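Asks: Make a model of this:
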Amino acid sequence: MLIPELPGYLTSLGGAQYKGLIISLFTVTAMVSRPFSGKMADKVGRKPVMVIGSLVCFFSSMLYPAISTVFGFLLLRLVHGFSTGFTPTGLTAYLSDIIPANKRGEAMGLLGTAGTVGMAAGPAIGGAVANNFGLDAMFYTSSGFAISSILIVMGVKETLSQRQGFTTEVFKIHKRDLLEPRVLVTCIVMLLTAYSYGAVYTVMPDFGEFVGIKNKGLLFTILTVASLSVRLIAGKASDKYGRRRVLMVSSAIATVSMLLLAFGSTPQDLMLAIMVYGVAQGTTSPTLLAWATDLSDENHKGRGISSLYIFMEMGIGIGAFASGFIYANNSANFFTTFLTCSVLCFIAFVYLITHWIRHTRMQKLQEP
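Replies: Predicted coordinates:
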């Protein structure tokens with residue numbers, strides 16, 4: 001709801017030159033908070049983690065109207081990022097508890113579908129409220145949605161059987177809390193493929209304008225619709241055919257989509273490429289979440305899921321920064337920018353094949 005209106009809001013405070021920090025500051029705290037949310041989800045419970053994230057969202061949205069300085073705004077964005085660092089971790093862990101393993105991919109696909117619908121509808125609702133009732137009303141509406149999510153969470157039963165209370169130990173992060181070794185394969189694939197997501201969101205508006213697409217939001221609408229259309233199908237496919245096989249297909253599709261972008265020169269080229277990428281992205285995300293949950297230790301699901309999210313945010317952040325550096329506001333660099341994305345997606349494809357071969361050999365060696 002807020003993101004489309006925040007650049008103008010920051011400009012009104014006199015911080016136009018800091019627009020690039022609106023997303024990056026939010027992402028930093030989201031990533032930093034993942035180990036805490038993962039450990040808390042495994043020790044204290046899934047519900048408290050979800051509630052904490054929603055409470056941060058509630059109070060942050062309520063405070064935006066009271067902010068009158070650029071520093072205050074940027075500090076609030078930093079705090080607001082904790083909401084994304086907590087709620088998805090608790091939510092995914094909770095879902096993995098109540099869904100049978102053979103339906104996990106379908107469930108993650110449904111979760112991703114709901115998230116995509118929210119991300120698509122949010123800007124439209126936020127813009128309508130802001131235009132008709134003002135920015136303050138938009139912020140308060142956002143707080144209202146946060147409270148609604150808390151009420152929903154309070155109505156479900158906690159699924160963590162062995163819980164402990166809030167203690168200082170929960171806030172002590174050790175090396176083992178930063179990465180769950182069991183899910184390393186999913187983290188590597190996520191890092192390599194999420195790079196393209198960061199690059200697309202950073203460079204695509206300029207690329208679209210360069211080829212003559214006046215409505216910059218059109219490409220992202222195509223991306224969202226394409227991603228939305230395959231999430232449930234992809235989730236079910238990963239349950240039926242296996243996570244690796246589906247990810248090999250999706251990483252191959254992502255490789256092709258980035259090549260199409262690299263060689264694109266017309267509006268039609270970009271629309272086709274971004275649609276293909278949407279299919280790849282919509283397939284990869286729920287499958288990786290389901291696989292990470294499959295691989296996680298039963299007592300450390302929160303840690304496994306938070307590890308995957310950390311690598312997702314790393315990939316997006318590195319992709320956004322590196323692609324912006326490679327592009328350097330020079331249209332001649334569009335080719336190199338997206339060719340780099342294609343190469344990384346192809347590396348993910350090769351890595352998955354290698355991992356599958358090694359896994360198959362180990363299974364044969366273990367046979368009597």
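
Asks: Only alpha carbons, please: show stretch 201-217 as PDB.
Replies: In PDB, the C-alpha atoms belonging to stretch 201-217 read as follows (Å, rounded to 0.1, in the frame of the first residue of the first chain):
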ATOM      1  CA  TYR A 201      12.900  -4.300 -10.300                       C
ATOM      2  CA  THR A 202      15.900  -1.900 -10.600                       C
ATOM      3  CA  VAL A 203      16.600  -1.700 -14.300                       C
ATOM      4  CA  MET A 204      13.300  -2.700 -16.000                       C
ATOM      5  CA  PRO A 205      11.600   0.700 -15.600                       C
ATOM      6  CA  ASP A 206      14.400   2.400 -17.600                       C
ATOM      7  CA  PHE A 207      14.500  -0.400 -20.100                       C
ATOM      8  CA  GLY A 208      10.800  -0.200 -20.700                       C
ATOM      9  CA  GLU A 209      11.000   3.600 -21.200                       C
ATOM     10  CA  PHE A 210      13.900   3.100 -23.600                       C
ATOM     11  CA  VAL A 211      12.000   0.800 -25.900                       C
ATOM     12  CA  GLY A 212       8.900   3.000 -25.800                       C
ATOM     13  CA  ILE A 213       6.700   1.600 -23.100                       C
ATOM     14  CA  LYS A 214       5.100   4.700 -21.600                       C
ATOM     15  CA  ASN A 215       3.300   2.900 -18.700                       C
ATOM     16  CA  LYS A 216       6.200   1.600 -16.600                       C
ATOM     17  CA  GLY A 217       3.800  -0.400 -14.400                       C
END
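
Asks: Now tell me what touches it from outside.
Replies: 218-220, 261, 264-267, 269-270, 274, 316, 319-320, 323-324, 327, 329, 331, 334, 337-338 (CB atoms under 8 Å, 6 or more residues apart in numbering). C-betas here are computed from N, CA, C, even on glycine.

Asks: swap in stretch 63-74?
Replies: 2, 9-10, 13-15, 18, 21, 25, 76, 135-136, 139-140.

Asks: of these, buried ones?
Replies: 2, 9, 10, 13, 15, 18, 21, 25, 76, 135, 139, 140 (16 or more other CB atoms under 10 Å).

Asks: In helices only, show me those.
Replies: 9, 10, 21, 25, 76, 135, 139, 140 (DSSP state H).

Asks: Quick one, grab the pLDDT at the last one.
Replies: Which is residue 140. We have a pLDDT of 96 for residue 140.

Asks: likewise the fourth one?
Replies: At residue 25, the model reports a pLDDT of 81.

Asks: residues touching it, list them.
Replies: 74, 77, 78, 81 are the contacts of residue 25 under CB under 8 Å, 6+ apart.

Asks: give me the element the nearest residue to residue 176 once chain neighbours are set aside is part of.
Replies: Nearest non-adjacent residue to residue 176, counting by CB to CB, 6 or more residues apart in numbering: residue 303, 7.9 Å away. Secondary structure assigned from DSSP states H and E places residue 303 in helix 301-327.

Asks: what's in contact with stretch 278-287?
Replies: 105, 108-109, 111-112, 116, 189, 193, 196-197, 222-231, 234-235, 237-238, 243, 246-247, 249-251, 253-254, 257, 345.

Asks: just checking, residue 137 touches residue 130?
Replies: Yes. Contact criterion CB atoms under 8 Å: residue 137 and residue 130 qualify, at 7.3 Å.

Asks: Of the two, which one has the most company?
Replies: residue 130 (21 against 14; other CB atoms under 10 Å).

Asks: what's the angle between the helix or strand hosting residue 29 and helix 301-327?
Replies: Here residue 29, judged by DSSP H and E, is contained in helix 21-43. With axes from the mean of the first three to the mean of the last three CA atoms, to 10 degrees defining the directions, helix 21-43 sits at 160 degrees from helix 301-327.

Asks: Please identify the buried residues of helix 21-43?
Replies: Applying a neighbour-count criterion of 16+ other CB under 10 Å, one finds 21-23, 25-43 buried in helix 21-43.
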